[in-house]
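Q: show me how the following folds:
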Amino acid sequence: MSSNRKTQIVAQAGKQELFISRVFNAPPEVVFRAFSTPDLLEQFFAPAGTTVKFDVADFRSGGKYRYTQCDANGNALAAFSGVIHEVTSPERIIQTQEMEGLPQAGHVVLEAMHFERISDNQTKLTIHDVCMSVADRDAIIESGMASGLTAIFDQLDEVLNGI
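A: Residues are numbered from 1 along each chain as shown. A predicted model of the protein is given here:
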């Protein structure tokens, strides 16, 4: 089940925020479950050739998470952690995210994921990320985020097909 829709990323110059959107061929309850269930996230939330493993996965309002992205040989590439501020099924997840191991701590992103029903079997996911600075936001964009997200969302299409 392919969404056949492009991942859209909007980042206006000089702003600390960015918007990511994509339409998936599944109802909001199913797309929401994919983003709030660690076993499902581990199936799609890493670009090809890498894996994601959750060390902590308390997906509820007031919960927290931590996951490690590894290469094909199991070597850790990066670890991410955050606090889950709100989980409102199947409409919204609000959380923070921070990449561990950066030379300077405090590069936290506030992220709001909105799951909007377009039809009985289509959901528009909109992610609104707010970074601590314009430089942080620009560094995320320049890291290859667009191609990584597109690959992850393409993999999510396959996961949604099996749910």
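
Q: the helices in the chain, which residues?
A: 28-36, 38-44, 134-142, 145-162 (DSSP state H).

Q: can you list those in CSV and add mean pLDDT?
A: Formatted as CSV, those follow (pLDDT from 0 to 100):
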stretch, mean pLDDT
helix 28-36, 97
helix 38-44, 95
helix 134-142, 92
helix 145-162, 92
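
Q: where along the chain do the strands fall?
A: Remark: strands assigned in the chain by DSSP state E are 8-10, 17-24, 51-57, 63-70, 76-88, 92-99, 108-119, 122-131.

Q: can I get these in TSV with mean pLDDT?
A: As requested, those are exported to TSV (pLDDT from 0 to 100):
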stretch	mean pLDDT
strand 8-10	94
strand 17-24	97
strand 51-57	95
strand 63-70	96
strand 76-88	95
strand 92-99	96
strand 108-119	97
strand 122-131	97
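
Q: give me the number of neighbouring residues for residue 106.
A: 9 (other Cβ atoms under 10 Å). Using the backbone N, CA and C atoms, a C-beta is placed for each residue, glycine as well.

Q: could we number from 19 for the rest of this?
A: Got it, first residue is 19 now, which makes that one residue 124.

Q: okay, the closest residue in space to it that isn't next to it in sequence and residue 47: tell me how far apart.
A: Leaving aside its chain neighbours, residue 124 sits nearest to residue 150 (6.6 Å; criterion: Cβ to Cβ, 6 or more residues apart in numbering). Distance, residue 150 to residue 47, using Cβ to Cβ, to the nearest Å: 33 Å.

Q: ditto for residue 24
A: Distance from residue 24 to residue 47, by Cβ to Cβ: 24 Å.

Q: got it, and residue 54?
A: Where residue 47 is concerned, residue 54 sits at a distance of 11 Å (Cβ to Cβ).

Q: re earlier: just send the strands of the chain back as a markdown table, with mean neighbour count and distance to residue 179 too.
A: Below are the strands of the chain laid out as a markdown table (neighbours: other Cβ atoms under 10 Å; distance: least, Cβ to Cβ, whole Å):
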| stretch | mean neighbour count | distance to residue 179 |
| --- | --- | --- |
| strand 26-28 | 13 | 22 |
| strand 35-42 | 19 | 10 |
| strand 69-75 | 15 | 19 |
| strand 81-88 | 18 | 23 |
| strand 94-106 | 15 | 24 |
| strand 110-117 | 17 | 22 |
| strand 126-137 | 17 | 17 |
| strand 140-149 | 18 | 14 |
